[in-house]
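**Q** what's the 3D shape of this:
(one chain, ligands or ions: 1)
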Amino acid sequence: MNPSEDLIQKCIVEGQVKFYDYTRFKDLELIGEGGYGKVYRATFKDNEITVALKSFKGNHITIKEIVNELKLHCRANMDSNIIHIHGVTKNEDKQNLNFTHYMFVLEYADSGTLRSYLRNNFKNLSWHDKINFALQIARAIKCLHVEGIIHCDLHSNNILVHQKNIKLTDFGLSRRLDEATNSNQKFGGIIPYTDPQSFEGTRHGKKIFKFNKKSDIYSIGILMWEISSGYPPFKDDIEPYQLVLLAGEIKNGRRENHIEGTPPAYIEIYTDCWQYNPDSRPDIQQVFLRLKDLSDNNDHDINKIDQCFNKLKVHEPIHSK
Ligand SMILES: Nc1ncnc2c1ncn2[C@@H]1O[C@H](COP(=O)(O)OP(=O)(O)OP(=O)(O)O)[C@@H](O)[C@H]1O
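**A** Have a look, this model is predicted:
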């Protein structure tokens, strides 16, 4: 057994994570591939439940990070807006004795990522649905922050949708793996969601910024805007050659334009979240309560906005404050 497997084995032995024999799964079908492995849809034979099996490739360092995140994921396993981790399994290829592959056994989300969901379903979403998505993201992050976990990598491809409900996934994992693998390409796509405080330079050769809870709040602001528009922020500016420029502009205050028809209270929440100064951003409890208030008490107003915009069916940008 190699040292990486040792670490995972230790988690299993210590009861931190449940182990499922690989033979208990059937009908594996590849459904996605991320920076560090493949994702399969599979059926758990015992009860015919559909699950997602997520494999990992990587060296000892990345496996160490995966084990840390595995422990974090197990700690935040109680919230219905966070993908549930059932445990781990191990695919042992009998033909190739060098090949052993641990996989996470995860709750399966049936509607893809939030980004693809918005792309395919935006026209049919009411403001009530959109506020509910934002509220569910806030609820998931609230659960992490209460546990002392910072996601650090919130964007619409790390959020899944299941039966019109938000399912947060990959918390903290991708960012740490990116650092370990030095992948700048993926970082490009997430620049618009990243706390612009992190774009500050280095002092005495050291990066002075540390991601913190307010960094997640910044990302929630951007995600709320994306939910209001149906498409990712600065989608035309994320070519590699534009990235440095874009990061500088965001640091200097550039933000997306508001979408016409967005409830003013919703705009107020996300503009507070995407403030440059972290002290001016609300904490997650405040974001959650403000969204809950909007969802609970403003049904009437929101319905009026929905009716009005369903007639017009326009989503033109208007200028930011
Ligand atoms: N629990 C799940 N249920 C359903 N589909 C999933 C699940 N987890 C991942 N997927 C699908 O697999 C794809 C790849 O997921 P994965 O988390 O490996 O990569 P990523 O988030 O795109 O990239 P990275 O992990 O490098 O940040 C996702 O885009 C999603 O479509």
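**Q** in stretch 282-294, what counts as buried?
**A** 282, 284, 287-288, 290-291, 294 (16 or more other Cβ atoms under 10 Å). (Glycine included, C-beta is placed from N, CA and C.)
**Q** which pair in these spans the largest distance?
**A** Within these, two members stand farthest from each other by Cβ to Cβ: 284 and 294, at 15.5 Å.
**Q** now, which of the buried residues of stretch 282-294 sits nearest the ligand?
**A** Relative to the ligand, the closest of the buried residues of stretch 282-294 is residue 284; by Cβ to the nearest ligand atom it sits at 22.0 Å.
**Q** distance of the closest one from residue 293?
**A** 15 Å (Cβ to Cβ, to the nearest Å).
**Q** ditto for residue 83
**A** 27 Å.
**Q** Show me which residues of this protein sit near the ligand.
**A** Within the chain, the positions near the ligand by Cβ under 6 Å from any ligand atom are 31-37, 39, 52, 54, 83, 106-109, 112-113, 157-158, 160, 169-170, 174.
**Q** Restricted to buried residues, select these in PyMOL.
**A** Burial among these is assessed by 16+ other Cβ under 10 Å; the matching PyMOL selection reads:
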select buried, resi 34+35+36+37+39+52+54+83+106+107+108+109+112+113+157+158+160+169+170+174
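**Q** Inside strands: which ones of the residues of the chain next to the ligand?
**A** 31-34, 37, 39, 52, 54, 106-107, 160 (DSSP state E).
**Q** Report the lowest-confidence entry in those.
**A** Note: of these, the lowest pLDDT belongs to residue 34, at 77.
**Q** Quickly list what it is bridged to.
**A** residue 37 (DSSP bridges).
**Q** List the residues that contact residue 276.
**A** 196-197, 251, 253 (Cβ atoms under 8 Å, 6 or more residues apart in numbering).
**Q** nope, residue 31 is what I was after
**A** 39-41, 52.
**Q** The strand or helix carrying residue 222 - contacts with which helices or strands?
**A** Taking DSSP states H and E as the definition, residue 222 sits inside helix 213-229. Counting contacts by 3 or more Cβ pairs under 8 Å, 6 or more residues apart in numbering; DSSP states H and E, helix 213-229 packs against helix 114-121, helix 127-146, strand 258-259, helix 264-273, helix 284-297.
**Q** between these, which one is nearest to residue 237?
**A** Nearest to residue 237, of the helices and strands packed on helix 213-229 and by Cβ to Cβ, is helix 114-121 at 16.4 Å.
**Q** Tell me which residues of that closest one come out buried.
**A** 114-115, 117-118.
**Q** Pull it out as CSV, backbone CA atoms only.
**A** Presented in CSV, the C-alpha positions along helix 114-121 are these (Å, rounded to 0.1, in the frame of the first residue of the first chain):
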residue,chain,number,x,y,z
LEU,A,114,-25.7,25.9,-11.6
ARG,A,115,-24.0,27.5,-14.6
SER,A,116,-25.4,25.0,-17.1
TYR,A,117,-28.8,25.0,-15.2
LEU,A,118,-29.0,28.8,-15.7
ARG,A,119,-28.0,28.5,-19.3
ASN,A,120,-30.7,25.9,-20.0
ASN,A,121,-33.5,27.0,-17.7
